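Student: sequence first, then the predicted structure:
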Amino acid sequence: MKEFKRDYPLFSLCGLNCGLCTHHQTDGISRCPGCGGNGFSQKHPTCSVATCNRKHDNVEYCFLCSSYPCKKFEHLSDADSYISHRNVLKDFDKAQKYGIEKYKEELDAKTQIAEFLIDSYNNGRQKSFYCRAVNFLPIEVLRYIMDRIEKDISKRDKSQKEKTEAVISLFQDIAKESGIRI
């Protein structure tokens with residue numbers, strides 16, 4: 001595939017939140033640059049969505065294509081290996097309803113929250129948990145959680161391990177109350 005470039009690689013052509021993916025939130029050679037980011041074509045040389053896009057309307061997001069929703073979006077599965085796959089249709093709906101710039105603001109905020117949690121409260125095995133939690137919970141709930149972390153957890157005279165366990169427990173409790181499986 002020839003070089004595939006996009007202006008905003010954190011929200012993919014097919015609707016994945018690349019900024020909230022563990023493959024993007026990693027260091028080193030295995031890091032994914034996001035959809036259409038620098039080096040994307042080398043990491044994903046056979047992206048069928050990018051190929052399809054070139055053959056059709058060549059849009060920035062699939063929801064802008066004249067064929068949307070196509071067969072690709074008929075049977076989305078919660079079992080997909082990409083954690084942000086579960087919210088693709090909801091995220092496309094938000095981007096259409098509120099505008100792509102407003103959606104990008106929300107995704108940028110969520111990405112910053114995920115990065116903060118991974119950097120600050122990760123015992124080495126929580127990256128996937130934080131990416132899922134931040135992806136699935138609404139931004140208002142995440143802001144509430146971040147406020148609770150700042151006020152109730154970060155200032156505790158506890159070990160980093162205990163603080164991390166408290167953050168994870170907070171996420172799990174709030175997600176359960178909200179009926180969200182993370």
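Tutor: Done, it's in.
Student: now the element after the longest helix anywhere in the chain, going C-ward?
Tutor: Looking across the chain with DSSP state H, the single longest helix is helix 100-120. Note on helix 100-120: by DSSP states H and E, the next helix or strand toward the C-terminus is helix 127-136.
Student: excluding chain neighbours, give the residue nearest to the residue sitting nearest the centre point of the chain in space.
Tutor: In the chain, the centroid-proximal residue (CA atoms, centre = their mean) is residue 20; its distance is 2.7 Å. Computed as CB to CB, 6 or more residues apart in numbering, the closest residue to residue 20 that is not its neighbour in sequence is residue 135, at 4.4 Å. Glycine gets a C-beta too; all of them are placed from N, C-alpha and C.
Student: number of nearby residues for that neighbour?
Tutor: Neighbour count for residue 135, taken as other CB atoms under 10 Å: 24.
Student: thinking again about what came up before, residues of the longest helix of the chain that come out buried?
Tutor: Of the residues in helix 100-120, 100, 103, 106-107, 110-111, 113-115, 117-118 count as buried by neighbour count, 16 or more other CB atoms under 10 Å.
Student: what's the average pLDDT for it?
Tutor: For helix 100-120, mean pLDDT rounds to 96.
Student: just say helix, strand or coil for the residue of the chain positioned farthest from its centre.
Tutor: Computed with CA atoms, centre = their mean, the residue of the chain farthest from its C-alpha average is residue 157, at 31.9 Å. Three-state call for residue 157 (DSSP: H, G, I helix; E, B strand; the rest coil): coil.
Student: where does it fall, phi/psi-wise?
Tutor: Main-chain torsions, residue 157, degrees, to the nearest 10: phi -90, psi 70.
Student: related to what we said a few turns ago, now distance to residue 130 too, for the buried residues of helix 100-120, in JSON lines please.
Tutor: Output for the buried residues of helix 100-120, formatted as JSON lines (distance: CB to CB, whole Å):
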{"residue": "100", "distance to residue 130": "25"}
{"residue": "103", "distance to residue 130": "21"}
{"residue": "106", "distance to residue 130": "17"}
{"residue": "107", "distance to residue 130": "15"}
{"residue": "110", "distance to residue 130": "11"}
{"residue": "111", "distance to residue 130": "11"}
{"residue": "113", "distance to residue 130": "8"}
{"residue": "114", "distance to residue 130": "5"}
{"residue": "115", "distance to residue 130": "9"}
{"residue": "117", "distance to residue 130": "4"}
{"residue": "118", "distance to residue 130": "6"}
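Student: can you give me the helices in this protein?
Tutor: 40-43, 48-55, 88-98, 100-120, 127-136, 139-148, 160-177.
Student: single out the most deeply packed of these.
Tutor: With neighbours defined as mean count of other CB atoms under 10 Å, these peak in mean count at helix 127-136, which reaches a mean of 22.
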